[in-house]
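Q: Build me a model from this:
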Amino acid sequence: MHEASLAGGILKLVEDSARREGFRRVTVLRLEVGKLAGVELRALRFALEAIAPGTALDGARLEFEAPEGQAWCLECSQRVPLAARGMACTACGSYRLQPTGGTELRVIDMLVADE
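A: Alright, predicted model coming up:
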């Protein structure tokens, strides 16, 4: 389950930000996890909640945005939706697609408290 290591990286980012910016805890953490990122949202939520006690994430509300996949077709030169990796172009049926969106995993923003 690579979501546990991803959660550890997210926690490190939050803790580093807390030290640098001088806040004590995060009340809301918003993440963007694209549908082509290869991340199971439920597993990531579970992992973040499991490591949160005693950290700046303790008690934070976790919010996720999951943008749809997009790709550029190298055959027909069109931007097309891509529901999953390995799918064919919806315009021409080619499998020569370059993902251009929905692959992201990033922190969008944090609402913090100084307490």
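Q: rest of the way, CA atoms for contacts and neighbours
A: Noted.
Q: per-residue pLDDT, Ala88?
A: pLDDT, Ala88: 97.
Q: Show the contacting residues for the nearest residue to Ala37 once chain neighbours are set aside.
A: Spatial nearest neighbour of Ala37, excluding adjacent residues (CA to CA, 6 or more residues apart in numbering): Thr103 at 4.2 Å. Under the criterion of CA atoms under 8 Å, 6 or more residues apart in numbering, the contact list for Thr103 reads Val33, Gly34, Lys35, Leu36, Ala37, Gly38, Gly69.
Q: In contact with the last one, which residues?
A: It refers to Gly69. Contacts of Gly69 (CA under 8 Å, 6+ apart): Gly34, Lys35, Leu36, Pro81, Leu82, Ala83, Ala84, Pro99, Thr100, Gly101, Gly102, Thr103.
Q: Export the contacts of Thr103 as CSV, with columns for distance to Arg20.
A: As requested, the contacts of Thr103 are arranged in CSV below (distance: CA to CA, whole Å):
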residue, distance to Arg20
Val33, 25
Gly34, 28
Lys35, 31
Leu36, 32
Ala37, 29
Gly38, 31
Gly69, 34
